[in-house]
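J.: Structure here, sequence nowhere to be found:
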């Protein structure tokens, strides 16, 4: 036995077993993969083995004692990949994809967030690496300088490939078309593992990058036919009612609907927003859902201004930032509007300084326009109170009518505040991220109250459309225990999907609000709604959503992973549910199956538009002028330089 463990093959065997067990333990401890039966549990246990044999087997081709260095290097790299996914998953409930790795410019502001996502027991994930290094040091003296016979590493690799084929075949039995129906990455990791998922994702990313080269105008025909067939005629009571009015769109970072009217320690967390919900001038959509994926905030911006879904992997802002877009700012610009985005972070974050040019945004007031002194900045940028206060002069500087989008940041994971900014005690679940969530929500609420007061004082409120929306969830399903304690209800898969509701409030000058509107809707529906309020027919454009005020509004809400919600039934994690009883539906009706097919088709068509950059082939109407990104300049220095050369776009 001692002789075996001092050999290279013994060292390799120990490393494979450690790798296998470590992966399986982490899959169960760190990831919520929704294992539902014995086959899925077996595959979860089985799938790391083929990855270990293939990746570590490559090191067996090394010569002499270098084989140990190679194996430890491969082992450490794979361990780092696994741990990076652990940290990423703790907040995003998702796995790292190749496109997210291209978004490294965004990581500069993540320091505090990443630190908050690491825990003390993560040290255990280093022990196996230390063990293997010590093991190598002790046994390398027994190893010869000769290369292992070639047939042995080839046999190992062949075994790994054979086991992968078995793995995939069993997965296909339990989940047919696993690699064809890939909206949900959880399924692929559950069946094939993190390592094989990474390889698969790399292949998918390469294929997606080729789609633009191969795309043609013919690819747009099916997309156009679909959007035209889904079109909802505008409600004559609302059509054109906001024409020529300013539009002030306020982004409520990480704000979920359950906060509305929620009481903590006996007091309302968001009293100002609660009052807006009851204000007769506003319409509040209480069944409005975010539809974001890995891009989170950037996805929300894309969806709200383009009525297209974010990508299944990564953020379109980054990986499709130079696409042709026919976004709301550009459309409104061609109807006499000035557009602006105001945000207390720097312009390169999420590639905004490039993608906004494609959207036709006239002015981008980023952090360089604000007072970014240390006491005013926390987390992802300028705190909300000074941000909204300092935004007033910038709004006043805009030529009217204007379309202004203000993006708040303080209510963002890890939900930090400076001492003295807290005006409500944290929750007491023992989950720090969840407990602080309510304090930053209160801070945002107070910032909004002051902002509305300032808007009214400066004469910017009465004649403006006011739109407030939540961009994405703030509390992921990794915090289900704490959430269950706070809302007094078990967080089932259906309940978690229901918690993806985010607020949407709209005030239209001169139009009485509807109070609470219970229509099921999503972020995809906002752009056509705003177009119709302007008297612009959304039918001219490629939009996936429908007007919220239309009597023909399509009241189903697709999620990016292929799930969806309706008023009567929902599909979550591949299971249909009755919304009234909350019970699974064993035999889906034809209506459910047809809607499921429609949702999958809609997501696929939206992906075609973005991956193929298909809007470059589309002309909305004879008056449309394509956006020229070279005419836009963002930042004080750039605008001054542009003025020296030519007059910037106005």
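T.: Perfect, thanks for sending it. What you see is a predicted model, and the numbers here were worked out from it, not measured in a lab.

J.: From the chain's centre, how far out is stretch 283-290? Work that out for me.
T.: 19 Å (C-alpha atoms, centre = their mean, to the nearest Å).

J.: For that stretch, give me every contacting residue.
T.: Defining contact as C-beta atoms under 8 Å, 6 or more residues apart in numbering, one finds that stretch 283-290 is touched by 257, 260, 276-277, 300, 469-473, 500-507, 513-523, 548, 557, 559, 565, 567. All C-beta spots, glycine's among them, are computed from the backbone N, C-alpha and C.

J.: Next step: these restricted to strands.
T.: Here DSSP state E is the test, and the contacts of stretch 283-290 give 469-470, 504-507, 515-517, 521-522, 557, 565 as lying in strands.

J.: Make CSV out of the residues you listed and add distance to residue 272 and pLDDT.
T.: Listed next are those as CSV, based on distance: C-beta to C-beta, whole Å; pLDDT from 0 to 100:
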residue, distance to residue 272, pLDDT
469, 16, 98
470, 15, 97
504, 16, 98
505, 12, 98
506, 17, 98
507, 14, 98
515, 18, 96
516, 17, 97
517, 20, 97
521, 23, 98
522, 25, 98
557, 27, 98
565, 28, 97
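
J.: mind checking pLDDT for the closest residue to residue 382 other than its chain neighbours?
T.: Nearest residue to residue 382 in three dimensions, chain neighbours excluded: residue 344, at 2.8 Å (C-beta to C-beta, 6 or more residues apart in numbering). Residue 344 is assigned 94 on the pLDDT scale.

J.: wait, residue 344 sits on residue 378?
T.: No - taking contacts as C-beta atoms under 8 Å, residue 344 lies outside contact range of residue 378: 10.3 Å.

J.: Compare these two and say which one has the larger neighbour count.
T.: Higher neighbour count among residue 344 and residue 378: residue 344, with 28 against 19, using other C-beta atoms under 10 Å.

J.: How about the contacts made by the more buried one?
T.: 366-367, 370, 372, 377, 381-384, 386-387, 407, 409.

J.: do the same with residue 219
T.: Going by C-beta under 8 Å, 6+ apart, residue 219 touches 608, 612, 614, 617.

J.: separation between it and residue 77?
T.: Using C-beta to C-beta, to the nearest Å, residue 219 is found at 38 Å from residue 77.

J.: go on, residue 235?
T.: Residue 235 sits 57 Å away from residue 77, going by C-beta to C-beta.

J.: So between the two, which is more surrounded?
T.: The residue with more neighbours, out of residue 235 and residue 77, is residue 235; 18 against 11, by other C-beta under 10 Å.

J.: helix/strand/coil for the more buried one?
T.: Here residue 235 takes the coil state, with states given by DSSP: H, G, I helix; E, B strand; the rest coil.

J.: Can you pull the domain assignment for the protein?
T.: 2-211, 219-645 (automatic domain parsing).

J.: For burial, what's the neighbour tally of residue 375?
T.: 9.

J.: Narrow the contacts of residue 344 to those that are buried.
T.: 366-367, 370, 377, 381-384, 386-387, 407, 409 (16 or more other C-beta atoms under 10 Å).

J.: okay, those in a markdown table with pLDDT and distance to residue 142 next?
T.: Shown next, in a markdown table, are the buried ones among the contacts of residue 344 (pLDDT from 0 to 100; distance: C-beta to C-beta, whole Å):
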| residue | pLDDT | distance to residue 142 |
| --- | --- | --- |
| 366 | 93 | 61 |
| 367 | 91 | 59 |
| 370 | 95 | 64 |
| 377 | 93 | 57 |
| 381 | 90 | 57 |
| 382 | 96 | 61 |
| 383 | 97 | 61 |
| 384 | 97 | 63 |
| 386 | 98 | 66 |
| 387 | 98 | 64 |
| 407 | 97 | 61 |
| 409 | 95 | 58 |
